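Colleague: Sequence plus predicted model, see below.
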Amino acid sequence: MNADICVDASLIVALLLPELYTEAATNHWKTWMDKDDHIAAPSLLGYEVTNAIYRKVFHGKITSDEGQAALHHFLDLDIELVYLPALHGKASELAKQFNRPNTYDAHYLALAYHLTCPLWTADERLYNVIKGKINWVEWVEKEL
């Protein structure tokens, strides 16, 4: 398996729904698609994106119809969802290394590490913990 870019749920949710980083996420996505980049994410992405959309509907931030449209858009995105059992061990190591309270974000880091490609994120907390320590994690607002 080969990928040019790994993305996390925060970047994809920003791509799908109006958020602070939607414009940047949309611009990156268009550039990646124009370049025919191969995008990958751990299979966890589907669960996290679905949950984020549902929570916005549940809390009244978007309508049910908007949530369904976002979910359909997500399902149409050209992202290879990867399940590799070996990622769990690496994710656990990375979560411990960066003192993270869970391993969800670390699974994205582990996949990017495994694929030797950059991980793009719109998760400020994750990025602030990682920046300066791992050079292959990219911030959504970085210019291409």
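Modeller: Now that the structure is in, tell me what you want to look at.
Colleague: quick one, what contacts Tyr82?
Modeller: I think there's a mix-up here, since residue 82 is Val and not Tyr. Residues counted as contacts of Val82 (CB atoms under 8 Å, 6 or more residues apart in numbering) are Met1, Ala40, Ala41, Pro42, Ser43, Leu111. No exception for glycine: its C-beta is placed from N, CA and C like everyone else's.
Colleague: How many residues are close by Asn2?
Modeller: Using other CB atoms under 10 Å as the criterion, Asn2 is surrounded by 9 other residues.
Colleague: Leaving aside the residues adjacent along the chain, what's closest to it?
Modeller: Nearest non-adjacent residue to Asn2, counting by CB to CB, 6 or more residues apart in numbering: His38, 6.5 Å away.
Colleague: Let me know the pLDDT of the one you found.
Modeller: As summarised for this prediction, His38 has a pLDDT of 97.
Colleague: Point out the other elements, helices or strands, that the longest helix seen in the chain touches.
Modeller: Taking DSSP state H as the criterion, the chain has its longest helix at helix 44-58. Judged by 3 or more CB pairs under 8 Å, 6 or more residues apart in numbering; DSSP states H and E, helix 44-58 is in contact with helix 9-16, helix 64-76, strand 79-82, helix 104-115.
Colleague: Please list the outside residues in contact with it.
Modeller: By CB under 8 Å, 6+ apart, the residues outside helix 44-58 that reach it are 7-9, 12-13, 16-17, 62-64, 66-67, 70-71, 74, 79, 81, 104, 107-108.
Colleague: returning to what we had before: TSV for the helices and strands packed on helix 44-58, including mean pLDDT and distance to Glu138?
Modeller: Compiled in TSV, these are given as follows (pLDDT from 0 to 100; distance: least, CB to CB, whole Å):
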stretch	mean pLDDT	distance to Glu138
helix 9-16	98	10
helix 64-76	98	21
strand 79-82	97	16
helix 104-115	97	10
